[in-house]
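*Asks:* Test case, fold it:
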Amino acid sequence: MDEQVMVFAPAPLLTVTIEQQAATVELHLHAGGQGVWQTRMIAALGTPVVLCVALGGEVGGALRKLLSQENVTVRVIERLSGTGWYVHDRREGSRREIAENPGEPMVRHDIDELYTVTLTEGLRAPVSVLSGPAAPDVVDPDIYRRLAADLTANGGTVVADLSGAHLAAVLEGGVAVLKVSHEELLDDGLAEDDSVPALLDAGRRLRERGAASVLISRAGEPALALLDDDTALQVHAPPLELAEHRGAGDSMTAGVASVLARGGDLREAVRVGAAAGALNVTRHGLGTGRAEAVRELAGRVRFTPLDGDSGSDDDR
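*Replies:* Prediction:
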């Protein structure tokens, strides 16, 4: 299908959040995890999306019902082990973890079935997003290498948002756009520190290893973009008051994928990605927002050239 995005989310989560409004205690049940949040934002931006997941056990049954209520196409394979979950308490404003289980490691049969479904949907879509599990041992990294290699070899555009061994695997397969946070670069030992020069050096090394373009999110600081034409940019999103920082990077990835699937260029994709990430921090719901708000914010995103690039600081 033209303009469709395939999102590979092998191990989504059932999220349970306790909140309180005045004297009323509220319980919120949602489908969650990185790939689900990305899918939700892609759909909010008006781009058709198909989500490929593996679900199992009692939690998986509940999650299947919740996913059926999303405005997306969902392809599910039944896994032999249980789906992950978490319970968070936000009654006092900040998020406190009560309990969590990222899910059991997927066995070879699960991987084989999910790979087949995901490859099929990825071949039908111009853009595929590869998202990671909540814990690294839940999904074998090699499936990321294989998907990246096979989808790229067959003309697809692969966008990845990964860290650790899964990031290394997808680089080996090759990826059009890699989104990574500066915290992940530090945790993986890929950047010496969080300074702009150190992060740019890390981004260049990632490009040498197989990423055509690299987008580095930096929490409240401007993101860094190393594009496939060797341009390096600092990406300034509009300043907005923070309500919830979680999910901003996932929304950024979703914005990039949505624009590329519609045939937009990479700079437009980065601009919309930055706007989607900025909007996400104003909301408690992860991967949520309105397309009209993202479009308005995208017009306010500024680029500052780095490394002596000659472009203007309002380069569009």
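
*Asks:* now the protein, which segments are flagged as low pLDDT?
*Replies:* 1, 241-247, 281-289, 307-316 (pLDDT under 70).

*Asks:* let's see 80
*Replies:* Confidence mapping of the chain against pLDDT under 80 gives the ranges 1-2, 93, 220, 240-248, 280-290, 307-316.

*Asks:* So which residues of it form strands?
*Replies:* 5-8, 13-21, 24-32, 49-55, 73-78, 83-89, 96-103, 127-131, 157-161, 175-181, 211-218, 221-226, 232-236, 302-306 (DSSP state E).

*Asks:* Can you tell me the strand partners of the first one and which way each runs?
*Replies:* Sheet neighbours of strand 5-8, with direction, are listed as strand 49-55 (parallel), strand 127-131 (parallel) (DSSP bridges).

*Asks:* and residue 217, which of those is closest to it?
*Replies:* Residue 217 sits nearest to strand 127-131 of all the strands paired with strand 5-8, at 14.4 Å, using Cβ to Cβ. C-beta coordinates here come from the backbone N, C-alpha and C atoms, glycine included.

*Asks:* quick check, distance from that closest one to the centre of its chain.
*Replies:* 8 Å (Cα atoms, centre = their mean, to the nearest Å).

*Asks:* And for stretch 128-140?
*Replies:* Distance of stretch 128-140 from the chain centroid (Cα atoms, centre = their mean) equals 11 Å.

*Asks:* For residue 275, list the residues it contacts.
*Replies:* The neighbours of residue 275, taking Cβ atoms under 8 Å, 6 or more residues apart in numbering as the test, are 237-238, 255, 294-295, 297-298, 300-301.

*Asks:* try 6 Å
*Replies:* Contacts for residue 275 (Cβ atoms under 6 Å, 6 or more residues apart in numbering) come out as 294, 297-298, 301.

*Asks:* Likewise for residue 100?
*Replies:* Shown in contact with residue 100 (Cβ under 6 Å, 6+ apart): residue 86.

*Asks:* again, only using 10 Å
*Replies:* Residues in contact with residue 100 (Cβ atoms under 10 Å, 6 or more residues apart in numbering) are 13, 15-16, 84-88, 134-135.

*Asks:* what about residue 138, how many neighbours?
*Replies:* Residue 138 has 19 neighbours, counted by other Cβ atoms under 10 Å.

*Asks:* in terms of contact, does it touch residue 9 like I think?
*Replies:* No: when contacts are counted by Cβ atoms under 10 Å, residue 138 is not listed as touching residue 9 (11.5 Å).

*Asks:* quick one: common contacting residues for these two?
*Replies:* 54, 132.

*Asks:* and residue 99, how many neighbours?
*Replies:* 9.

*Asks:* ok, and the closest non-adjacent residue to it?
*Replies:* Once flanking residues are discounted, residue 99 sits nearest to residue 87: 5.1 Å by Cβ to Cβ, 6 or more residues apart in numbering.

*Asks:* Okay, the most centrally placed residue in the chain and residue 277: tell me how far apart.
*Replies:* With distances taken as Cα atoms, centre = their mean, residue 250 lies nearest the centre of the chain, 3.6 Å away. Here the criterion is Cβ to Cβ, to the nearest Å. By it, residue 250 lies 8 Å from residue 277.

*Asks:* Common neighbours of these two, please.
*Replies:* With Cβ under 10 Å, 6+ apart as the test, residue 250 and residue 277 both reach 41, 179, 217.

*Asks:* Give the full set of residues in contact with the second one.
*Replies:* It stands for residue 179. Contact analysis of residue 179 by Cβ under 10 Å, 6+ apart lists 38, 129, 131, 159-162, 211, 213-217, 223, 225, 249-250, 252-254, 256-257, 270, 273, 277.
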